[in-house]
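**Q** fold the following for me, if possible:
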Amino acid sequence: MALEQPSAPSRASSRVRAGTPRSGVIHVNTWHASHYTVVGNHLLQHRELSATAIGVAAYIQSLPDGAPVGIRALTERFPEGEIRISAALRELERHGYLERRRERQDTGQVVTRTYSYNKPLTTPDDPPPPPDREPVPEPEPEPERGPEHAPSPPRQELHPGAADLLAGLRRYDPRLLLAERDVQRLAPGVSTWLERGADPEAVALALTGNLPEPMRSPASVLAYRLEALLPPRLPAAPAAPVARPVRRPDPFQTCDGCERAFRSPHPGRCRDCPPEARAAA
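**A** Numbers count the residues shown, from 1 in each chain. Okay, here's the model as predicted:
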């Protein structure tokens, strides 16, 4: 009878290839021929970004141009709430992976455009520039521009009272003490409200009423309200009615036959005089 060999490898362990680590992740990769996105390790292994921010950035980079990536669209797609999504977007903006601009279209409508960068100008793996020169980004070939890739219109002219209105919101609630950069970022949205005929006091009340408790990011709350509560444009004022000419009554005349007063444009006899009197006249 043959003796058992307790040290003999099991069937499962015999399939493990040489050089496999004892612990940690083991990659089982399959080649993708379609429906895949190339994401840089500088994003996926970023030391300062949260897991939510990295996941949101990878999701945005996988979307086609024109897909909605606002806070509302992302909260409908992911289980994270508005506060965590807003914080993740601010992280990506701070590290150069995302840029949100409010720009005016040719029709006059102000829209928010989100620019996603799959590789910011500076990433954690890039070596520091020499002390005597500044970093210069590598030139990229300019893509062919079609109707859907038209150049962005120039930035809108701001209403003169937009920045002052934002700076004065702290009078309504001390928590709305905004930084200068937040005032500059939110001023185009307030300018749009004012250009649509909204009274400054009404704008301030719409932005400061029923604020959430607690409120971690006042600027994010204001940005959401400026976009979600934007009033429509005032309709054109109705044209003034055309005044009709007033017809004055005929003047009084004295009848040549009976000497009674009657209205007529010309002197003569009234219609009450007998026909024979009119014939004699």
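
**Q** what mean pLDDT does the longest helix seen in the chain have?
**A** In the chain, with assignment by DSSP state H, the single longest helix is helix 180-195. Averaging pLDDT along helix 180-195 yields 90.

**Q** for it, output the C-alpha coordinates as CSV.
**A** Only the C-alpha atoms of helix 180-195 are listed here, as CSV (Å, rounded to 0.1, in the frame of the first residue of the first chain):
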residue,chain,number,x,y,z
GLU,A,180,-13.3,86.2,-3.8
ARG,A,181,-12.9,83.4,-6.2
ASP,A,182,-16.4,82.1,-5.4
VAL,A,183,-17.8,85.6,-6.1
GLN,A,184,-16.1,85.7,-9.5
ARG,A,185,-17.3,82.1,-10.3
LEU,A,186,-20.9,82.8,-9.4
ALA,A,187,-21.2,86.4,-10.7
PRO,A,188,-22.1,85.3,-14.3
GLY,A,189,-25.1,83.4,-12.9
VAL,A,190,-26.3,86.4,-10.9
SER,A,191,-25.7,88.6,-13.9
THR,A,192,-28.1,86.5,-15.9
TRP,A,193,-30.9,86.9,-13.3
LEU,A,194,-30.4,90.6,-13.3
GLU,A,195,-30.4,90.8,-17.1
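
**Q** now that helix, how far from the chain's geometric center?
**A** Distance of helix 180-195 from its chain centroid, counting by Cα atoms, centre = their mean, to the nearest Å, is 11 Å.

**Q** summarise which helices and strands that helix is packed against.
**A** Under the contact criterion of 3 or more Cβ pairs under 8 Å, 6 or more residues apart in numbering; DSSP states H and E, helix 180-195 touches strand 98-104, strand 110-116, helix 162-167, helix 200-208, helix 218-228. Every C-beta, even on glycine, is put in place using the N, C-alpha and C of the backbone.
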